[in-house]
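S.K.: What follows is a predicted structure for the sequence shown.
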Amino acid sequence: MILFSKKVFSLLYILIFILSFTSHANDGYNLWLQYKKVENKQLLKNYMASIQGVESSGDSKTISVAKQELEKGFSGLFGNVFQIDDNNSGKNTLIIGSEANLDVKYSKYLKNELSKIERDGFIIKQLKIEGNTKIIITAKTDVGVLYGVFRLLREIQSYKSIENINIIDSPKVDVRILNHWDNLDRTVERGYAGFSLWDWHRLPDYIDSRYVDYARANASIGINGTVLTNVNANALILTPHYLEKVKALADVFRPYGLKVYLTARFSAPIEIGGLETADPLNTEVIQWWKDKTAEIYKSIPDFGGYLVKANSEGQPGPQNYERNHVDGANMLADAVAPFGGIVMWRAFVYSEHDPTDRAKQAYSEFVPYDGQFKDNILIQVKNGAIDFQPREPFHPMFGAMPKTPLMMEFQITQEYLGFSTHLVYLPKLYEEVFEADTYREGKGSTVAKVIDGSLHNKKITGVAGVTNIGNDRNWTGHHFLQANWYGFGRLAWNPHLKSKDIAEEWIRQTFSNDENFINPIKKMMIQSRETVVKYMNPYGLHHIFDTGHHYGPGPWVGNLPRPEWNPTYYHKADEFGVGFNRTKTGSNATAQYAPEVAKMYDDILTTPEKDLLWFHHVSWNHKLKNEQTLWNGMALKYQEGVDEVEDMISLWNSMEQYVDPQRFKEVKMMLNIQYKEAKWWRDACLLYFQQFSKQDLPNGVEKPSKTLEEFQSLRFPFAPGR
Ligand code: GCW
């Protein structure tokens, strides 16, 4: 008997142990919407005293998802089951409802605030009424109310005081949109976090609950649009069979204020329409797009519109018919205009038939068309003139088309930044681009002002991000890369935000409110962007990635049929030095910038060293600002990058007490991969460039672990994301 109960006890003990372990397990699925119980007792008491009940007005689906979110959020944060009931007289209450639905006894106090909000902006304000405090969340629209709800939950998750809360916040940009490069077979171009979220085969009948969580996450950071399909487009998405599936997704996303957009393959009238041409001036083609568009709007009345990659990297476009980008974009714009839709037409174009510097081609092709695009067209421009490199100077098109709305295209997925294995905090990169000064209307004409429309008074504005999301359980492959989705959304909402503040918001919600964790981890995240530049592409080197998959270094590649696909085209290393001369003595790409910027980049002494080899072909013996020669400086930079990853590892290892075991371990394993790969980059690049510099590695730089030939022989036929 005694023996038996001992056994039972030990089994119970094991069970309790397992349960306590699993209750701490966190696979990252909940992103920054963790809603963990508030640990600070005093704060918890205050929150619960301020929110004893919730009253809502309005009966839209958006209001009902806002209520669900509050129940979920408060239940978690307060540590008990929180249920909304509308009978709260005599209590301190949270009141939610749009201006039109809010009781006048509240809205009469908010006239001034309401006049200040724009778009789907919101107000959160505490009022004292009849002895009780009422926290009001209101907006012009129900989606604005939902954004306010998420904002209040963020304040509480971040342990901010909500006593006398008074926030007015409006998005500064209209279209805040994710671009999925997702194919219909569920592979994701340049996707490193599993397969596509969209289960096309089971849609429309099977609605994965993940679609709802995707929409919640996006709404929580203000993202209001999603392009479901790859810009390398497949016309089949426009057939009834697929449109029914698209409608099912649009129905799930609608309450969250998330509109659906599709990529339009320019040759669709031929491929699925049975026409002989896709010429944008052909009347049958025009009619085909009008009918197709009307068909889409019939089942998806708030369909957002089309995103188009035309005449780029083999995609069809108007130039196949001797027409131009204006002809193509305007034809599609006319088709969506009656329904309030937009066309996002990409400026990522370059041609193997154009011998000029690839960095110049988009500007040369598009800027002359300024003023000719219809009002509902945005030209979508990548942040730099080449292609999402670890660092690029801002694209010269920004500010150069005063009569045309230009929207930003960032990459959130890390095609050239270590895939989903390297911890790189991208909002720091986005911030650098937004803060760059175009000088188009004098000093202070930042890219942020081009994008938010204030520089040239644009009627429509947008920011797009190529997502890093896949069906991995933690969405982004690496826990810290969730911060890039988060930070993208926050900067799309307001391009003037600071990346360090965004990092702190994210850490508090995702991991911990403990300052001992927040401060060092924030520092690490901010630094991580420069670290990757150091071990991959220091001093303005660019596009020296291995062919096709872009995994790892390949500065030696020079045998591809198109010159501008070869790394050797970009670094131009020789016995004299390294770098691409884009000044007036070279390709003259600098002339595409405003005179002040061109002047700065034309002179090697005023070019910021971070962009040196982007603009200049520089001698190996050139003296850098730190007195090192370029060769030594470059080698030391590579080493610094590696050392900084080592520091990230030690820091992370010292943080175990603040992080749940699963996420701790997974991040740790990823950092070890990053360290290995940083060394690979350092060794392969330095061995390669050393053939030209013919100089030894300076003191302090570790000896390479393999020979150049060994690095060159590495093959990765199954690297992800192709
Ligand atoms: O960077 C290149 C990528 C392609 C991508 C293209 C683009 C979708 O390597 O995979 O194609 O950019 O932006 O269109």
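M.R.: That came through fine. Source: prediction; values computed, not measured.

S.K.: Quick one: residues contacting Gln712.
M.R.: Trp556 (Cβ atoms under 8 Å, 6 or more residues apart in numbering). C-beta coordinates here come from the backbone N, C-alpha and C atoms, glycine included.

S.K.: ok, now how distant is it from His542?
M.R.: 20 Å (Cβ to Cβ, to the nearest Å).

S.K.: For the residue in the stretch 401-550 of the chain positioned nearest to the ligand, give me its contacts.
M.R.: Nearest residue of the stretch 401-550 of the chain to the ligand, counting by Cβ to the nearest ligand atom: Glu415, 5.9 Å away. Counting by Cβ under 8 Å, 6+ apart, Glu415 touches 190, 388, 550, 721.

S.K.: just how off-centre is stretch 161-177 within its chain?
M.R.: Chain-centre distance of stretch 161-177: 19 Å, with Cα atoms, centre = their mean, to the nearest Å.

S.K.: Just the CA trace of it, in CSV.
M.R.: The C-alpha coordinates for stretch 161-177 follow below in CSV (Å, rounded to 0.1, in the frame of the first residue of the first chain):
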residue,chain,number,x,y,z
SER,A,161,0.3,53.6,-16.9
ILE,A,162,-3.2,54.1,-18.3
GLU,A,163,-4.2,56.7,-15.6
ASN,A,164,-5.3,59.8,-17.5
ILE,A,165,-4.5,58.1,-20.8
ASN,A,166,-4.8,60.5,-23.7
ILE,A,167,-3.6,59.3,-27.1
ILE,A,168,-4.5,60.5,-30.5
ASP,A,169,-2.8,58.6,-33.3
SER,A,170,-3.5,58.5,-37.0
PRO,A,171,-1.7,56.6,-39.8
LYS,A,172,0.4,58.9,-41.9
VAL,A,173,0.2,56.6,-45.0
ASP,A,174,-2.9,55.3,-46.8
VAL,A,175,-1.8,51.9,-48.2
ARG,A,176,0.1,49.8,-45.6
ILE,A,177,0.5,46.6,-47.3
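
S.K.: buried sites along stretch 546-554?
M.R.: 546, 549-554 (16 or more other Cβ atoms under 10 Å).

S.K.: and the ligand, which of these reach it?
M.R.: When Cβ under 6 Å from any ligand atom is taken as the criterion, no member of the buried residues of stretch 546-554 contacts the ligand.

S.K.: Tell me which two in the residues you listed are the farthest apart.
M.R.: His549 and Pro553 (12.2 Å; Cβ to Cβ).

S.K.: Close to the ligand: what parts of this protein are there?
M.R.: So the chain meets the ligand at 181, 189-190, 231-232, 309, 313, 348, 387-388, 415 (Cβ under 6 Å from any ligand atom).

S.K.: Which among the residues you listed count as buried?
M.R.: Using 16+ other Cβ under 10 Å, the buried members of the residues of the chain next to the ligand are 181, 189-190, 231, 309, 348, 387-388, 415.

S.K.: In the longest helix belonging to the chain, which residues are buried?
M.R.: The longest helix of the chain (DSSP state H) is helix 661-693. For helix 661-693, burial by neighbour count (16+ other Cβ under 10 Å) applies to 662-664, 666-667, 670-671, 674-675, 677-690, 692-693.

S.K.: again with stretch 346-360
M.R.: Result for stretch 346-360 [16+ other Cβ under 10 Å]: buried residues 346-351, 357-360.

S.K.: Same check on stretch 185-204?
M.R.: 186-200, 203.

S.K.: which of the residues you listed lies closest to Ser220?
M.R.: Looking across these and measuring by Cβ to Cβ, the closest to Ser220 is Leu197, at 16.8 Å.

S.K.: Do you know the pLDDT at the closest residue to that closest one other than its chain neighbours?
M.R.: Nearest residue to Leu197 in three dimensions, chain neighbours excluded: Asn471, at 5.6 Å (Cβ to Cβ, 6 or more residues apart in numbering). Listed pLDDT for Asn471 reads 98.

S.K.: ok, Asn471 touching Phe195?
M.R.: Yes: the pair Asn471 and Phe195 qualifies as a contact (Cβ atoms under 8 Å) at a distance of 5.1 Å.

S.K.: before we move on, the earlier item: mind putting the buried ones among the residues of the chain next to the ligand into TSV with secondary structure and pLDDT?
M.R.: Formatted as TSV, these follow (DSSP: H, G, I helix; E, B strand; the rest coil; pLDDT from 0 to 100):
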residue	secondary structure	pLDDT
Trp181	coil	98
Glu189	coil	98
Arg190	coil	98
Val231	coil	98
Lys309	coil	98
Phe348	coil	98
Asp387	coil	97
Phe388	coil	98
Glu415	coil	98
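
S.K.: Determine which two of these are furthest apart.
M.R.: Most distant of those, by Cβ to Cβ, are Lys309 and Glu415, 15.3 Å apart.

S.K.: follow-up on the earlier one: check pLDDT for the buried residues of stretch 346-360 and point me to the minimum.
M.R.: Ser351 (86).

S.K.: picking up where we left off before, out of the buried residues of stretch 546-554, name the ones that lie in strands.
M.R.: Using DSSP state E, no member of these sits in strands.

S.K.: Now render these as a markdown table, adding pLDDT and distance to Met634.
M.R.: Formatted as a markdown table, those follow (pLDDT from 0 to 100; distance: Cβ to Cβ, whole Å):
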| residue | pLDDT | distance to Met634 |
| --- | --- | --- |
| Asp546 | 96 | 19 |
| His549 | 95 | 25 |
| His550 | 96 | 21 |
| Tyr551 | 96 | 22 |
| Gly552 | 97 | 18 |
| Pro553 | 98 | 14 |
| Gly554 | 98 | 17 |
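
S.K.: tell me which of the residues you listed is nearest to Leu429?
M.R.: Using Cβ to Cβ, these come closest to Leu429 at His550, 16.7 Å.

S.K.: quick revisit: just give me the closest of the buried residues of stretch 546-554 to Thr283.
M.R.: His550 (42.6 Å).

S.K.: tell me the contacts of the closest one?
M.R.: 190, 415-416, 721.

S.K.: May I have the predicted confidence score for Val336?
M.R.: 98.

S.K.: What of the one 5 residues further on?
M.R.: According to the prediction, Gly341 has pLDDT 98.

S.K.: Find the residue closest to it in space, skipping its chain neighbours.
M.R.: Closest to Gly341 by Cβ to Cβ, 6+ apart is Gly305, at 3.6 Å.

S.K.: do you know how far the residue in the stretch 351-500 of the chain that the ligand sits nearest to is from Tyr570?
M.R.: Going by Cβ to the nearest ligand atom, the ligand is nearest to Asp387 of the stretch 351-500 of the chain, at 4.3 Å. Noted for Asp387: a distance of 10 Å to Tyr570, by Cβ to Cβ.

S.K.: which neighbours do these two share?
M.R.: Joint contacts of Asp387 and Tyr570 (Cβ under 8 Å, 6+ apart) are His543.

S.K.: if we can go back for a sec, what's near enough to touch the closest residue to the residue of the stretch 401-550 of the chain closest to the ligand other than its chain neighbours?
M.R.: Nearest-residue entry for Glu415: Arg190, 4.3 Å, with adjacent residues in sequence omitted and distances by Cβ to Cβ, 6+ apart. Listed by Cβ under 8 Å, 6+ apart, the contact partners of Arg190 are 181, 411, 413, 415, 466, 550, 721.
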